[in-house]
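Asker: Provided below are the primary sequence and the corresponding predicted coordinates.
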Amino acid sequence: MHTTIIIFFGLVLLALMLFIGEKIGFSRQTLTYSFIVLWLALTMINGVVGVVTAGQSVTTEMVVGSIVFGVPVAALVLFMVLSTET
């Protein structure tokens with residue numbers, strides 16, 4: 001359940017960054033790179049907390065972290081591809 005919540009927050013963060021960033025006037029390229037760096041940092045922090053606090057193994061956190069990082073980034077790529085074609 002925790003993984004689903006974190007992925008949901010990643011998607012919300014992505015939507016907010018794209019919406020607010022475009023309203024402010026940032027380019028999509030800047031927003032894309034900013035989101036990827038920010039989301040990678042947050043995913044790594046989440047993994048460290050899982051290993052240290054929850055006692056998860058590093059291997060488990062690497063697999064789950066890949067999924068947590070990958071789903072919002074895949075949504076970002078899909079958004080970028082679909083928005084450039086229209």
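Answerer: Good, I have the coordinates. Residues are numbered from 1 along each chain as shown.
Asker: so is residue 54 in a helix, a strand, or just coil?
Answerer: coil (DSSP: H, G, I helix; E, B strand; the rest coil).
Asker: ok, longest helix in this protein?
Answerer: Across the chain, the longest stretch assigned as helix under DSSP state H is helix 58-85.
Asker: If we go by neighbour counts, what in that helix is buried?
Answerer: 61, 64, 65, 68, 69, 71, 72, 73, 76 (16 or more other Cβ atoms under 10 Å). In short, each C-beta sits where N, CA and C put it, glycine included.
Asker: Packing partners of it?
Answerer: Using 3 or more Cβ pairs under 8 Å, 6 or more residues apart in numbering; DSSP states H and E, the elements in contact with helix 58-85 are helix 2-24, helix 28-52.
Asker: related to what we said a few turns ago, so can I have TSV of the buried residues of helix 58-85 showing pLDDT and distance to residue 35?
Answerer: As requested, these are exported to TSV (pLDDT from 0 to 100; distance: Cβ to Cβ, whole Å):
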residue	pLDDT	distance to residue 35
61	95	22
64	95	20
65	96	16
68	97	14
69	98	11
71	97	13
72	97	8
73	97	8
76	96	6
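Asker: Any stretches of the chain with poor pLDDT?
Answerer: Residue ranges of the chain with pLDDT under 70: 85-86.
Asker: please redo it, this time with the cut-off set to 80
Answerer: For the chain, the stretches with pLDDT under 80 are 84-86.
Asker: how about the helices and strands packed on helix 58-85 in CSV, adding distance to residue 83 and mean neighbour count?
Answerer: Shown next, in CSV, are the helices and strands packed on helix 58-85 (distance: least, Cβ to Cβ, whole Å; neighbours: other Cβ atoms under 10 Å):
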stretch, distance to residue 83, mean neighbour count
helix 2-24, 9, 14
helix 28-52, 8, 15
